[in-house]
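Visitor: Provided below are the primary sequence and the corresponding predicted coordinates.
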Amino acid sequence: MTDTETLGVVGGGQLGRMLAEAAAPLGVEVVVLDPTPECPASPVARDQIVGEFDDEEGVRELAARADYVTYEIELADPDLLAAVEDEYDVPVNPDPETLRTIQDKLVQNEALRDAGVPVPEFRRVGDREELDAAVEQFGYPVMLKAREGGYDGRGNVPITDPSEADDALDAVSGGAVVEEFVDFEREVSVIGVKGADGETAAFPLGENVHREEILRETVVPARTSETVAERAREVAEDVLAMLSGRGVYGIELFETSEGEILVNEIAPRPHNSGHYTIEGALTSQFEQHVRAVTGRPLGATDLRSPTVSANLLGGGDERRPADWSGDDAILRHPGASLHWYGKHEVYPLRKMGHFTVVGDREENDASGEGTTTDRLLDTARDLRDEVTFE
Ligand code: ADP
């Protein structure tokens with residue numbers, strides 16, 4: 001390689017921003033396609049093309065300018081990506097076919113099941129009759145999910161008794177899948193990666209704490225048994241084997257109360273639960289993604305130290321210009337690292353930023369007050385409580 005290469009990214013949100021930050025030291029410049037002028041990635045990317053994620057002209061311009069193309073959002077258009085891959089002879093990763101599978105929760109669950117990967121019991125639901133038939137089999141409660149377009153729990157409706165069924169079906173119009181309601185012990189995830197020549201790697205198991213179906217904190221290593229962690233690694237390997245295309249994948253898992261691992265869903269991109277890798281692992285998930293989609297060797301995935309990341313979610317009750325205070329507490333804390341995403345407006349629960357607290361290997365359990373990860377999580381929660389949106 002003699003000259004700077006260009007990676008075209010569909011989407012210029014926080015994931016695009018952190019991808020661009022990670023790409024620069026590798027000699028890779030990023031151009032993003034995003035509909036919002038001054039999107040989060042724009043200040044750190046080489047350039048932004050302003051256009052919708054599925055805008056034909058925008059995607060063509062991106063492909064024409066790039067040596068490699070990837071996407072950081074599932075709203076990218078697989079048909080268009082497959083078309084430009086041919087026309088501009090530019091590799092698009094992960095494979096647009098993988099994106100197509102993942103975009104539809106029913107197709108995704110079927111593909112996982114057909115590959116022998118454990119998933120919650122599920123059924124396609126088109127009407128009340130089909131829903132009732134599924135409930136007959138699973139029993140209440142169940143989780144009804146829109147097949148397409150859900151994120152951060154939007155598009156998911158739990159149903160606890162028959163009186164809620166019709167409203168739930170109305171809420172997920174356009175095709176749905178119903179799943180048994182998993183009685184999970186904890187939610188965990190593996191950030192896996194597929195590189196060139198069949199090389200794969202996985203970061204250590206993370207534990208994800210959700211509230212209102214939105215990720216609040218990730219604790220690494222997950223506070224579970226070695227047996228469960230090993231099982232999660234095996235399942236993640238099987239998931240990677242069935243996916244086609246290079247890149248980082250966020251593999252969301254349930255650990256059931258019986259210690260079983262089930263796959264909840266897959267993201268064909270860096271994942272919120274992998275943000276801790278920027279400071280907590282030998283290679284960040286963003287650098288790893290750039291390495292993978294540009295055909296470079298993968299980096300080591302070992303943990304540097306126990307690490308907790310916490311999301312900074314918008315407060316208040318309306319959309320307004322972003323303004324906050326209290327982040328000095330994070331900046332003052334040794335081992336804490338702050339990432340604002342450069343979003344100009346805040347609204348309730350919007351992902352505005354995150355921070356990471358990396359533990360000290362040596363201090364492990366020295367205080368006798370709980371484990372290192374417990375203490376890091378307490379610290380992260382205290383620091384997060386300092387941050388308020390005006
Ligand atoms: P999204 O794509 O919107 O993030 P998910 O399918 O990951 O949606 O669901 C969001 C959250 O909802 C999960 O993290 C989990 O807490 C809960 N959830 C999803 N599916 C189930 C299920 N089958 N049983 C119990 N809880 C579930």
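Guide: Alright, I've got the coordinates.
Visitor: quick one: low-confidence ranges for this structure?
Guide: Residue ranges of the chain with pLDDT under 70: 1-2, 151-153, 361-370.
Visitor: what residues does it have near the ligand?
Guide: 120, 143, 150-156, 179, 181-182, 187, 210, 213, 252, 264-265 (CB under 6 Å from any ligand atom). The way it works is simple: take the backbone N, C-alpha and C, and place the C-beta from them, glycine included.
Visitor: 5 Å - rerun?
Guide: When proximity is defined as CB under 5 Å from any ligand atom, the chain approaches the ligand at 120, 143, 150, 151, 153, 179, 181, 182, 210, 213, 265.
Visitor: I'd say the first one and residue 182 touch.
Guide: Yes: the criterion here is CB atoms under 8 Å, and residue 120 meets it with residue 182 at 5.1 Å.
Visitor: mutual contacts of these two, please.
Guide: Jointly contacting residue 120 and residue 182 under the rule CB atoms under 8 Å, 6 or more residues apart in numbering are 254, 262, 264.
Visitor: just those: which are in strands?
Guide: Using DSSP state E, the members of the shared contacts of residue 120 and residue 182 that fall within strands are 254, 262, 264.
Visitor: so which of the residues you listed is the closest to residue 104?
Guide: Of all these, the one with the least separation from residue 104 (CB to CB) is residue 264, at 15.1 Å.
Visitor: can you report how many residues lie near the closest one?
Guide: 19 (other CB atoms under 10 Å).
Visitor: would you mind listing the buried residues in the lengthiest helix in the chain?
Guide: Determined from DSSP state H, the single longest helix within the chain is helix 226-242. By neighbour count on 16 or more other CB atoms under 10 Å, the buried set for helix 226-242 is 228, 229, 231, 232, 235, 236, 239, 240.
Visitor: check stretch 78-92 too.
Guide: 78, 80, 81, 82, 83, 84, 85, 88, 90, 91, 92.
Visitor: tell me which residues are up against that stretch.
Guide: For stretch 78-92, the surrounding residues in contact (CB under 8 Å, 6+ apart) are 8, 10, 54, 56, 59-60, 62-64, 66-71, 96-97, 99-100, 103, 245, 293, 295.
Visitor: for ChimeraX, what selects the buried ones among those residues?
Guide: A single ChimeraX command is used to select the members of those judged buried by 16+ other CB under 10 Å:
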select :8,10,54,59,60,62,63,66,67,68,69,70,71,96,99,100,103,245,293
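Visitor: ok, residue 142 touching residue 134?
Guide: Yes: between residue 142 and residue 134 a contact is recorded at 6.8 Å, counting by CB under 8 Å.
Visitor: between these two, which one's more packed in?
Guide: Using other CB under 10 Å as the criterion, residue 142 and residue 134 rank with residue 142 on top: 26 against 21.
Visitor: quick check: phi and psi at the more buried one.
Guide: Backbone torsions of residue 142, given as degrees, to the nearest 10, read phi -130, psi 170.
Visitor: could you do residue 147 as well?
Guide: When read as degrees, to the nearest 10, the backbone of residue 147 gives phi -70, psi -40.
Visitor: please apply the same query to residue 87.
Guide: Torsion angles at residue 87 (phi, psi; degrees, to the nearest 10) stand at phi -60, psi -40.
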